[in-house]
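Enquirer: With the input below, show me the fold.
(2 chains)
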Amino acid sequence: MPLRVYNTQSGKKEEFQPLVPGKVGMYVCGVTVYDYCHIGHARANIVFDIVYRYLQYSNYDVTYVRNYTDVDDKIIARANERGISSQELAEEFIQAFDEDMAALGLRKPTHEPKATAYMEQIIALVEQLIDKDMAYESAGDVYYSVDKFPSYLKLSKRNMEEMLAGARIAPGELKRNPMDFALWKSAKPGEPSWESPWGAGRPGWHIECSAMSSALLGTSFDIHGGGRDLIFPHHENEIAQSEAASGKPFVKYWLHNGFVNVDQEKMSKSLGNFFTIRDILKSYDPEVVRFFNLTAHYRSPIDFSDQNLEEARIGLSRFYEALAQLDKALAKADTNAESGAVAAALAEPVERLVQLEERFRSAMDDDFNTALAIANMFDAVRAINRILAEASHLNGQLQAILAKGRDDLLKVGDVLGLFGSNPAAWLARSAQEGLSESGLSAADIDALIVERRQARANRDFARADQIRDELAAKGVLLLDGPEGTNWKMK
RNA sequence: GGCUCCGUCGCCAAGUGGUAAGGCAGAGGUCUGCAAAAUCUCCAUCACCAGUUCGAAUCUGGUCGGAGCCUCCA
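Expert: Down below sits the predicted model:
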């Protein structure tokens, strides 16, 4: 089945056919680097990380471009507040962004251009638009003339008259049409600026992306992504600029991710429900955050809450539990075991396991349906657990099936950026989370486990249960197994 | 007001014409000294109304409820 993607432009799922067979050019709007990134940025970047990974997994040669907007009103304002240069501020938050993305386990894009490094291309593009009479200079500013671009608003499906009703021109802006937007802004005193044919100034936001994408991907490319909120005006304006300049279609597929809400409300600084990536990683494992993001479709809104994150943690640990059990069983299995037929009772789980990768692919081919993909992966987990629980011994055949199933699960997990840790190590880490709040140390617990083992050996179950209850009251759960007793935090 | 979109089990969440995936929680069985984990079984007719259709959660119209965008924003 071919890959199908939902295109915001058409409002439909379309079969994905890149402009050049086997190659994909993809541009995603990055961040304006004036503050730490929040969990909404995390979602957008995780979503397109998955798109990137899945296209690579599907054997496309992908060129992925994600920019840094490092010149902007907000950067200037924040830099002035702190008494440092815009450039210093931008560099600080570029580094912070890189750290956050690395912590979340994102694959590095092919190119991460900074807008300020493309000033020449930006100016050339603005000149080109003026030459084509699509833009005009006005007192040192340059504006794009939306009336000259007949298909303006085709992406956001808005109506020009309606838009005009609510539009107004800010004081000092000399626009012909209130909807015209700035390609170049003349410099005010103390602002960073670049020389241009229209005097010293700096680029408008939209033109930066048009210039960087065409420089690195060409004037037409396959995928452009970003958050829903960027559809208008940012992406609409990119289309107007790029298509007017090149005379060619700009982007084939527009992909937009849904928003993150917090406890059912829009996240905003004023509501006080605003979380940066760094905040959240203090309480949650990065892989849990990623897993949580993938349990819903990328276009749907997701609700960030402790309960939902906790559910994600439990769900992810189910995978790691199964992988750890599987590793243990395979390590113990007799490598010289005879080959033989699989018992009829195990035919179904074996079949499920064998089909994992195919089912994963068919879910992902349907507009990157990670929620369905994960459901299919849970089926594989149940299959593994069931084989381990029901097979009296692992013959050569079953060992091969389980080993292959393990490899497949890790392989599809890697496409989603999951299961990168050693299962036993991940579980051990997860087990100890919250230990410090219990007031106990691992050594305390081990000592009690030893005492309890003795009690159990003496069939003093009252004392054994008392120890377990005491620990349970402090959030420590004892797990008796054939090889002794383990523990984990609730 | 305009434009997008949503309303599926207690909670999260797929499915968009062929008779409801998955996870969490819950009930019961197996295992266990007892538990936990694992496993097995059970647990929804898809906000409401009216249509189209052999057949609708899925299409059409309407009603109610909710969200986002229309200004910087992932």
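Enquirer: what's the neighbour count on whatever residue of the stretch 101-250 of chain A ends up closest to RNA strand B?
Expert: Of the stretch 101-250 of chain A, the residue with the smallest distance to RNA strand B, taken as CB to the nearest atom of the strand, is residue A:227 at 1.8 Å. Placement of C-beta: from N, CA and C, glycine included. Number of residues near residue A:227 (other CB atoms under 10 Å) recorded here: 19.
Enquirer: Over to residue A:143?
Expert: So residue A:143, with other CB under 10 Å, has 23 neighbours.
Enquirer: and if you look at residue A:198?
Expert: Residue A:198 sits with 20 neighbouring residues when counted by other CB under 10 Å.
Enquirer: Then residue A:279?
Expert: 13.
Enquirer: What separation is there between it and RNA strand B?
Expert: Between residue A:279 and RNA strand B the distance is 14 Å, computed by CB to the nearest atom of the strand, to the nearest Å.
Enquirer: Quick check: bridge partners of the nearest residue to residue A:304 once chain neighbours are set aside?
Expert: With sequence-adjacent residues excluded and distances taken as CB to CB, 6 or more residues apart in numbering, residue A:304 is closest to residue A:262, at 4.8 Å. In this entry, residue A:262 is beta-bridged to residue A:265, residue A:304, by DSSP bridges.
Enquirer: Give me the neighbour count for residue A:262.
Expert: By other CB under 10 Å, the residues close to residue A:262 number 19.
Enquirer: The residue of the stretch 101-250 of chain A closest to RNA strand B contacts residue A:255, correct?
Expert: No. Contact criterion CB atoms under 8 Å: residue A:227 and residue A:255 do not qualify, at 10.5 Å.
Enquirer: on that earlier part again, so what's the residue of the stretch 101-250 of chain A closest to RNA strand B up against?
Expert: By CB atoms under 8 Å, 6 or more residues apart in numbering, the contact set of residue A:227 is A:29, A:40, A:44, A:256-257, A:259.
Enquirer: what does residue A:212 give?
Expert: Residue A:212 neighbours (CB under 8 Å, 6+ apart): A:27, A:65, A:67, A:113, A:115, A:118, A:121.
Enquirer: among those, who's most crowded?
Expert: Neighbour-wise, the contacts of residue A:212 (other CB under 10 Å) top out at residue A:27, 30 neighbours.
Enquirer: any idea which element that residue lies in?
Expert: Element membership of residue A:27, judged by DSSP states H and E, is strand A:23-32.
Enquirer: hey, C-alpha coordinates of that strand in CSV?
Expert: Provided in CSV are the C-alpha atoms of strand A:23-32 (Å, rounded to 0.1, in the frame of the first residue of the first chain):
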residue,chain,number,x,y,z
LYS,A,23,13.9,11.7,-3.0
VAL,A,24,12.0,13.9,-0.6
GLY,A,25,12.6,17.6,0.2
MET,A,26,11.0,18.7,3.4
TYR,A,27,10.9,22.0,5.2
VAL,A,28,9.6,22.6,8.7
CYS,A,29,9.3,26.0,10.3
GLY,A,30,11.6,26.1,13.3
VAL,A,31,11.4,28.3,16.3
THR,A,32,12.0,32.0,16.9
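Enquirer: where does residue A:203 fall, phi/psi-wise?
Expert: Backbone torsions of residue A:203, given as degrees, to the nearest 10, read phi -80, psi 160.
Enquirer: what's across from it in the sheet?
Expert: residue A:184.
Enquirer: how far is the longest helix belonging to chain A from where the chain is centred?
Expert: For chain A, the helix reaching the highest residue count under DSSP state H is reported as helix A:306-332. How far helix A:306-332 lies from its chain's middle: 21 Å, per CA atoms, centre = their mean, to the nearest Å.
Enquirer: Tell me the buried residues in that helix?
Expert: Within helix A:306-332, the residues scored as buried using 16 or more other CB atoms under 10 Å are A:309, A:312-313, A:315-317, A:319-326, A:329.
Enquirer: Equivalent analysis for stretch A:299-308, please.
Expert: So stretch A:299-308, judged by 16+ other CB under 10 Å, has buried residues A:302-304.
Enquirer: still on that earlier bit, just checking, what packs against the longest helix of chain A?
Expert: Packing partners of helix A:306-332 (3 or more CB pairs under 8 Å, 6 or more residues apart in numbering; DSSP states H and E): helix A:286-294, helix A:370-390, helix A:396-415, helix A:423-432.
Enquirer: Ignoring the adjacent residues along the chain, who's closest to the one residue in the stretch 1-150 of chain A that gets nearest to RNA strand B?
Expert: Across the stretch 1-150 of chain A, the shortest distance to RNA strand B (CB to the nearest atom of the strand) belongs to residue A:40, at 2.4 Å. Spatial nearest neighbour of residue A:40, chain neighbours left out: residue A:260 (4.6 Å); criterion: CB to CB, 6+ apart.
Enquirer: Let me see the backbone angles for that neighbour.
Expert: According to degrees, to the nearest 10, residue A:260 has phi -100, psi 120.
Enquirer: residues contacting it?
Expert: Residue A:260 touches A:39-40, A:42-43, A:267, A:301-304, counting by CB under 8 Å, 6+ apart.
Enquirer: measure it to residue A:162 for me?
Expert: 29 Å (CB to CB, to the nearest Å).
Enquirer: for RNA strand B, what are the nearby residues on the stretch 351-490 of chain A?
Expert: Applying CB under 7 Å from any atom of the strand, we find that the stretch 351-490 of chain A lies next to RNA strand B at A:366-367, A:369, A:371-372, A:374-375, A:378-379, A:381-382, A:385-386, A:388-390, A:456, A:461, A:464-465, A:468, A:477-481.
Enquirer: what's the angle from the helix or strand harbouring residue A:96 to strand A:23-32?
Expert: Using DSSP H and E, residue A:96 maps to helix A:86-103. Per axes from the mean of the first three to the mean of the last three CA atoms, to 10 degrees, the angle that helix A:86-103 makes with strand A:23-32 is 120 degrees.
Enquirer: residues near the residue nearest to residue A:340 when sequence neighbours are not counted, how many?
Expert: Closest residue in space to residue A:340, ignoring its immediate chain neighbours: residue A:395 at 4.7 Å, by CB to CB, 6+ apart. Residues lying near residue A:395 (other CB under 10 Å) number 19.
Enquirer: residues in contact with residue A:395?
Expert: A:337-340.
Enquirer: out of those residues, which one sits closest to residue A:427?
Expert: Of all these, residue A:337 has the smallest distance to residue A:427: 27.2 Å, by CB to CB.
Enquirer: sorry, back to before: out of the buried residues of helix A:306-332, which are close to RNA strand B?
Expert: Counting by CB under 7 Å from any atom of the strand, the members of the buried residues of helix A:306-332 near RNA strand B are A:315, A:321.
Enquirer: Pull the most distant pair out of the buried residues of helix A:306-332.
Expert: A:309 and A:329 (30.6 Å).
Enquirer: and residue A:344, what pLDDT?
Expert: Per-residue pLDDT puts residue A:344 at 81.
Enquirer: swap that for residue A:261, please
Expert: pLDDT at residue A:261 comes out at 90.
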